[in-house]
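Enquirer: fold the following.
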Amino acid sequence: MGKKNKKFKKHAHKHSTQYSVPSTQSAEKTLDQSSSTGNIETDTKVTTSTKTASEISPDETKILNERYTYVRRDVRKLMFVLSVLVILFVATYFLNTKTTVLDNFGDWIYKIGHFSI
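Expert: Model prediction:
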């Protein structure tokens, strides 16, 4: 057991140092260096993130649509589930106010389950 634990710690330590996130100071240095050298590619990357929706070209929109299609799909699923839940809660509320079906159902569950409160 001890040998496996040492292997796991060594493996985890290797991966944590290999994929470490650079600090903000080094990121600021690279931005300063790229702006001072006049590197056009890095400068455009910085400015594209500050563009508004009307300034984005159709090519960039197409790339973003392809890259984040799974996000759109997940948001649609989430909105569908939330809307179904809201409809069920509203229907249950009106069913409870108009009829005694839910009260009778609750009494039946209480009798069957032998619950003691």
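Enquirer: C-terminal to the longest helix along the chain, what's the next element?
Expert: Ranked by number of residues, the top helix in the chain under DSSP state H is helix 69-98. Heading C-terminal from helix 69-98, the first helix or strand you meet, by DSSP states H and E, is helix 101-113.
Enquirer: quick one: that next one to helix 69-98, angle?
Expert: In terms of direction (axes from the mean of the first three to the mean of the last three Cα atoms, to 10 degrees), helix 101-113 departs from helix 69-98 by 90 degrees.
Enquirer: CA atoms only: put helix 101-113 into PDB for me.
Expert: Output of helix 101-113 as PDB, limited to C-alpha atoms (Å, rounded to 0.1, in the frame of the first residue of the first chain):
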ATOM      1  CA  VAL A 101     -56.800  15.300  -5.800                       C
ATOM      2  CA  LEU A 102     -53.400  16.100  -4.300                       C
ATOM      3  CA  ASP A 103     -54.700  16.100  -0.700                       C
ATOM      4  CA  ASN A 104     -56.300  12.700  -1.300                       C
ATOM      5  CA  PHE A 105     -53.100  11.400  -2.900                       C
ATOM      6  CA  GLY A 106     -51.000  12.600   0.000                       C
ATOM      7  CA  ASP A 107     -53.400  10.900   2.500                       C
ATOM      8  CA  TRP A 108     -53.100   7.700   0.400                       C
ATOM      9  CA  ILE A 109     -49.300   7.800   0.500                       C
ATOM     10  CA  TYR A 110     -49.400   8.400   4.200                       C
ATOM     11  CA  LYS A 111     -51.600   5.300   4.800                       C
ATOM     12  CA  ILE A 112     -49.600   3.100   2.500                       C
ATOM     13  CA  GLY A 113     -46.200   4.200   3.800                       C
END
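Enquirer: determine the set of other helices and strands touching it.
Expert: With contacts defined as 3 or more Cβ pairs under 8 Å, 6 or more residues apart in numbering; DSSP states H and E, helix 101-113 has these neighbours: helix 69-98. C-beta here means a position set from N, CA and C on the backbone, and glycine is covered the same way.
Enquirer: name the helices or strands packed onto the helix it packs on?
Expert: Identification of packing neighbours for helix 69-98 by 3+ Cβ pairs under 8 Å, 6+ apart yields helix 101-113.
Enquirer: least trustworthy helix or strand in this structure by mean pLDDT?
Expert: Counting by mean pLDDT, DSSP states H and E, the weakest-scoring helix or strand in the chain turns out to be helix 40-48, with a mean of 47.
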